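*Asks:* Give me a 3D structure for the following:
(one chain, ligands or ions: 1)
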Amino acid sequence: MTCFDKYSLAPYAVRESRGRAFKEPPCKFRTDFQRDHDRIVHSEAFRRLEYKTQVFVNHEGDYYRTRLTHTLEVAQMARGIARTLKLNEDLAETIALAHDLGHTPFGHSGEAVLDGLMKKHGGFEHNLQSHRVVTILERRYPDFQGLNLTKEVLDGILKHHGPSSLEAEIVNIADEIAYMNHDLDDGLESGMITIEQLKDVKLWKEIYQPIVKKYPKLDAQMLRYQVIRTLIHILIGDVKDETLRQIKRHKIGSLKDALALGKSIVNFSKEVTPKVKELKAFLFKNLYRHERVEKMAAQAREVLEKLFSIYNANTKILPKSVQARIGRRDKKERVICDYIAGMTDRFALDEYKKLTPNNS
Ligand code: MG
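*Replies:* Model (predicted):
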C-alpha cells in the first residue's frame, strides 16, 4: 500500500525504496520514506537540534534560528519544490529533516575545531557525521544499530557521494535558499548587518525598491519580511524553471536517466546564479565574519578543545555508555569526537564549567 498516488509523480521521481540494510517487513499504513521521516523525528539527535547554533548562539535571543528551526525551513522548502516538480515529497522532506543531524555545537566553528582535533584520526565532516548518527549512534531498536533508514535517504544524507536522486539535490538547494534568507533576516534583526549595507546587493535591490515604492510607509521589520518572502518565492521559482529546462535538455525520462547524469541539475538559472553568489559573498563578509560571530568561534574553540583534551586524558569521566564504545568498533578519539559532536551548545558550556572550575 502506498500513501501517495504513484502515478501523479514524474517518471524521474523516486517511487519506491531499494530497501534497508536490515530487512524489515513494510509498514501497513506508511510508505518507506514516511516511516524514515517518523524515525528521524523521534530520534534523540533531532531533538538536540533545538539547542544547537545555526549562526547565533542559542542564548543570544529567542528571535533567531536554531539548527532545528533551520531544519524545519529546509524541510518545508524541499517539500514544496518536490511537489512543484512532481518528485517524491516524502523522500525530499525526510532527507531534509536528517540533513544537519551531524552538526556540532556552535555551528561551523564547532565543526572546524573538531576537524582540527581529529586531523590524525580521520577528520570530521558534518555530512559524514549525520550518516554516522543515523547508522551507528542512535540506539532505539533492539534488532539493529542506528535507525535502519532506506538507501535513498542515506544517499541523500551523504551528499556529494555518487549519483544523487533529484529529491536529494532539491534538499541541497533548499538548504542554500533557507540559510541565505534566514541569515539575512536574523542578521538584520540583530543589527549586525543593515539595509544600508545591502542597497548595492543586486538581488536585494531588485526586490526592495519596488516594495518601498508600493508601500512607502512600511516599518523596517515589515519591509524586511516582504523582501525576504519575495526573495524566497523568486529563488524557488527560478530553481523550478531551471530544473525543468535541464530535465528537457538532458532528455531525462526516467529515474535511471536522472541517476546516470552524475552532476547536479537542480540549480539556479544562469541569470540568477551570479546574483546568489554576490549575496552569499555579502553574508560571508558582513555576517559570518562579524566580530560577534568570531567571538563565538573563539569560545567554541576554547570549550571544545578543553573538553576533548580532558576526556582524552581521563575516559573514566565519560558516561558509561560512551566508555563502553571505546575500542569496540571505534578508537578512543572517534568515540570522544562523537560524544562532543552530539552535545548541544548549552550542554557543552555546562560540561566545560564543571570540568574547568578555575576558568569560569
Ligand atoms: Mg543545513
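*Asks:* What parts of the stretch 101-250 of the chain come near the ion?
*Replies:* By CB under 5 Å from the ion, the residues of the stretch 101-250 of the chain that approach the ion are residue 175. C-beta: built from backbone N, CA, C; applies to glycine.
*Asks:* Excluding residues flanking it in the chain, which one is nearest the closest residue to the ion within the stretch 101-250 of the chain?
*Replies:* For the stretch 101-250 of the chain, the residue closest to the ion is residue 175, as judged by CB to the ion, at 4.3 Å. Closest residue in space to residue 175, ignoring its immediate chain neighbours: residue 74 at 5.1 Å, by CB to CB, 6 or more residues apart in numbering.
*Asks:* Please identify which helix or strand holds that neighbour.
*Replies:* helix 67-84 (DSSP states H and E).
*Asks:* what about dumping the CA coordinates of that helix to CSV?
*Replies:* Output of helix 67-84 as CSV, limited to C-alpha atoms (Å, rounded to 0.1, in the frame of the first residue of the first chain):
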residue,chain,number,x,y,z
ARG,A,67,19.6,24.3,14.0
LEU,A,68,16.1,22.9,14.5
THR,A,69,14.1,25.8,13.0
HIS,A,70,16.6,25.9,10.1
THR,A,71,16.0,22.2,9.5
LEU,A,72,12.2,22.7,9.5
GLU,A,73,12.5,25.6,7.0
VAL,A,74,14.7,23.4,4.7
ALA,A,75,12.1,20.6,5.0
GLN,A,76,9.2,22.7,4.1
MET,A,77,11.0,24.3,1.1
ALA,A,78,12.3,20.9,0.0
ARG,A,79,8.7,19.5,0.1
GLY,A,80,7.4,22.5,-1.8
ILE,A,81,10.0,22.3,-4.6
ALA,A,82,9.5,18.5,-4.8
ARG,A,83,5.8,19.0,-5.2
THR,A,84,6.0,21.5,-8.0
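*Asks:* one step back: I'd say the residue nearest to residue 175 and residue 173 touch.
*Replies:* No - Residue 74 sits out of contact with residue 173 when judged by CB atoms under 8 Å, with a separation of 9.8 Å.
*Asks:* higher neighbour count, these two?
*Replies:* Using other CB atoms under 10 Å as the criterion, residue 74 and residue 173 rank with residue 74 on top: 28 against 23.
*Asks:* got the contact list for the most centrally placed residue in the chain?
*Replies:* Using CA atoms, centre = their mean, the residue of the chain that lies closest to the mean C-alpha position is residue 100, 3.7 Å off. With contact set as CB atoms under 8 Å, 6 or more residues apart in numbering, residue 100 has these partners: 49, 67, 70-71, 74, 126, 130.
*Asks:* Secondary structure element holding it?
*Replies:* Using DSSP H and E, no helix or strand contains residue 100.
*Asks:* quick one: it and residue 40, what's the gap?
*Replies:* Between residue 100 and residue 40 the computed distance is 11 Å (CB to CB, to the nearest Å).
*Asks:* Residues that sit against both of those two, list them.
*Replies:* The overlap between the contact sets of residue 100 and residue 40 (CB under 8 Å, 6+ apart) is empty.
*Asks:* thinking again about what came up before, pull out the buried positions in the helix holding residue 74.
*Replies:* For helix 67-84, a neighbour-count test (16 or more other CB atoms under 10 Å) marks 67-68, 70-71, 73-75, 77-82 as buried.
*Asks:* wait, which of those residues is closest to residue 118?
*Replies:* Nearest to residue 118 among these: residue 67, at 20.6 Å, using CB to CB.
*Asks:* Make sure the closest one is actually in contact with residue 49.
*Replies:* Yes - the criterion here is CB under 8 Å, and residue 67 meets it with residue 49 at 4.2 Å.
*Asks:* Listing request: residues of the chain with sub-threshold pLDDT.
*Replies:* 1-7, 57-59, 160-162, 359-360 (pLDDT under 70).
*Asks:* same thing but at 80, please
*Replies:* Along the chain, the model assigns pLDDT under 80 to residues 1-7, 55-63, 159-163, 358-360.
*Asks:* Who are the contact partners of residue 198?
*Replies:* 184, 204-205, 208, 282.
*Asks:* 7 Å - rerun?
*Replies:* residue 204 (CB atoms under 7 Å, 6 or more residues apart in numbering).
*Asks:* May I ask you to name the longest helix in the chain?
*Replies:* helix 220-249 (DSSP state H).
*Asks:* That one to helix 67-84, inter-axis angle?
*Replies:* Inter-element angle recorded for helix 220-249 and helix 67-84: 40 degrees (by axes from the mean of the first three to the mean of the last three CA atoms, to 10 degrees).
*Asks:* what helices or strands is helix 220-249 leaning on?
*Replies:* If you count contacts as 3 or more CB pairs under 7 Å, 6 or more residues apart in numbering; DSSP states H and E, helix 220-249 packs onto helix 67-84, helix 166-190, helix 202-214.
*Asks:* quick one: buried residues of the second one?
*Replies:* By neighbour count with 16+ other CB under 10 Å, helix 166-190 contains the buried residues 166-188, 190.
*Asks:* Kindly calculate the angle that that helix makes with helix 220-249.
*Replies:* Angle, helix 166-190 to helix 220-249, by the same axes, to 10 degrees: 160 degrees.
*Asks:* after helix 166-190 comes which helix or strand?
*Replies:* Downstream of helix 166-190, the next assigned helix or strand under DSSP H and E is helix 195-198.
*Asks:* Buried residues, that following helix. List them.
*Replies:* Within helix 195-198, the residues that count as buried by 16+ other CB under 10 Å are 197-198.
*Asks:* circling back to that earlier point, any idea which of the helices and strands packed on helix 220-249 gets closest to residue 288?
*Replies:* It's helix 166-190; of these, that one is closest to residue 288 (CB to CB) at 8.1 Å.
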